[in-house]
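Peer 1: need a 3D model of the sequence below.
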Amino acid sequence: MLGATSDVSLPIADFPGLPNFEPESERLKFNGQDNFLNSGSFGNVSVEKDSELILVGGTYNLSKLILKKNSVLIYSSPTVLNIQEELRGQGNVAILPGQNILPDDLTVNYIGKKLKKDKENKNDKEDEEKKDNEEDINEEEEKEDVADEKANGGKTVKFGKNSFLNFKIFAPNATVRIGDTSTFRGQILARKVKVGRGSVLSREEEFELESDLSKIVEDDGLKFVVDEIVVLLREDATFVDAQQVATAIGGRITGSIASPKLFKIEVQTVTAQQLNAKIQETINLNNPLVLEVVQNLLAD
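Peer 2: I've put the predicted structure just below:
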């Protein structure tokens, strides 16, 4: 009967339980490229600015995972990250699947609470966080997170702006905050989710952030979006390869098609001449995986 109502028992769905795990005290910092980490138990793991870490797969038990500005975390096979205390990424970080790996092949189980037996020096911890927070969220958001953490006990998962993230995360005690103009592929199960402006979330392997129609221009009889290029990569290319192209030209991936390997990349251009120069810059990379670079053309 139309208009009929009935009581619903909450919650509608139960979260699965978090695993029991015991991180170790060993601290690891990774600088530069071609760093690999086998599965196991560790303490604080940080990927330093402009650096890369490849997880070879399996289960990792960590106290903290910190990704500094412009760092990249790659998982080359199905991986589980169990994180006890903190997960944080600064601006322009990327968490990427390797070849033939899907976004949900990385599972993050996040508790967000400090172990009682952890007696880390408080002053050292505060100094470290103060230094690391330079690329995190703004002061107003920081106040919101502090209040939220006091009320609910789980430390907020934070990723700064322009991040490119691929994983599924289970964080029933915490808020997950994704910064402005970021892309997230996978799943988020959390107490609360906050997503910044201009960001895109997708459960699918293929995704697209809608183009800004106010940025359409016409040049030589062609209509295209003035701050977007489309890059065709070889079929054996990965998201890691596409991200490297985007990073090299100062852009960000805002759309992809699995086959053929097409990637839409947003760039910082405001005229047709600047966009053409950016296309030539991409060609000049001489990347053997790049087959074609064009404007994001629009049909009438």
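Peer 1: every contact and neighbour count from this point should use C-alpha atoms.
Peer 2: Will do.
Peer 1: in the sheet, who's paired with Phe159?
Peer 2: On the basis of DSSP bridges, Phe159 takes part in beta bridges with Gly89, Ile178.
Peer 1: OK, contacts around it?
Peer 2: Residues in contact with Phe159, defined by C-alpha atoms under 8 Å, 6 or more residues apart in numbering, are 88-91, 93, 136, 177-179.
Peer 1: remind me which residues of the stretch 101-250 of the chain are low pLDDT?
Peer 2: Counting by pLDDT under 70, the low-confidence segments of the stretch 101-250 of the chain come to 116-139.
Peer 1: what strands line up against the one helix or strand Lys192 maps to, and which way round?
Peer 2: With elements taken from DSSP states H and E, the one containing Lys192 is strand 183-195. Counting by DSSP bridges, the strands paired with strand 183-195 are strand 164-178 (parallel), strand 200-202 (parallel).
Peer 1: deepest of those strands, which one?
Peer 2: Across the strands paired with strand 183-195, averaging neighbours per residue (mean count of other C-alpha atoms under 10 Å) puts strand 164-178 on top, at a mean of 23.
Peer 1: mind saving the C-alpha coords of that one as PDB?
Peer 2: Below are the C-alpha coordinates for strand 164-178, written out as PDB (Å, rounded to 0.1, in the frame of the first residue of the first chain):
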ATOM      1  CA  PHE A 164      45.400   9.600  -6.400                       C
ATOM      2  CA  LEU A 165      44.300   6.700  -4.200                       C
ATOM      3  CA  ASN A 166      43.400   3.100  -5.000                       C
ATOM      4  CA  PHE A 167      42.400   0.700  -2.200                       C
ATOM      5  CA  LYS A 168      39.500  -0.400   0.000                       C
ATOM      6  CA  ILE A 169      39.600   0.700   3.700                       C
ATOM      7  CA  PHE A 170      37.700  -0.500   6.800                       C
ATOM      8  CA  ALA A 171      37.900   2.100   9.600                       C
ATOM      9  CA  PRO A 172      34.800   1.700  11.800                       C
ATOM     10  CA  ASN A 173      36.200   3.900  14.600                       C
ATOM     11  CA  ALA A 174      37.500   6.800  12.500                       C
ATOM     12  CA  THR A 175      36.700   9.500  10.000                       C
ATOM     13  CA  VAL A 176      38.400   9.200   6.500                       C
ATOM     14  CA  ARG A 177      39.200  12.600   5.000                       C
ATOM     15  CA  ILE A 178      40.100  12.900   1.300                       C
END
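Peer 1: alright, calling it a day.
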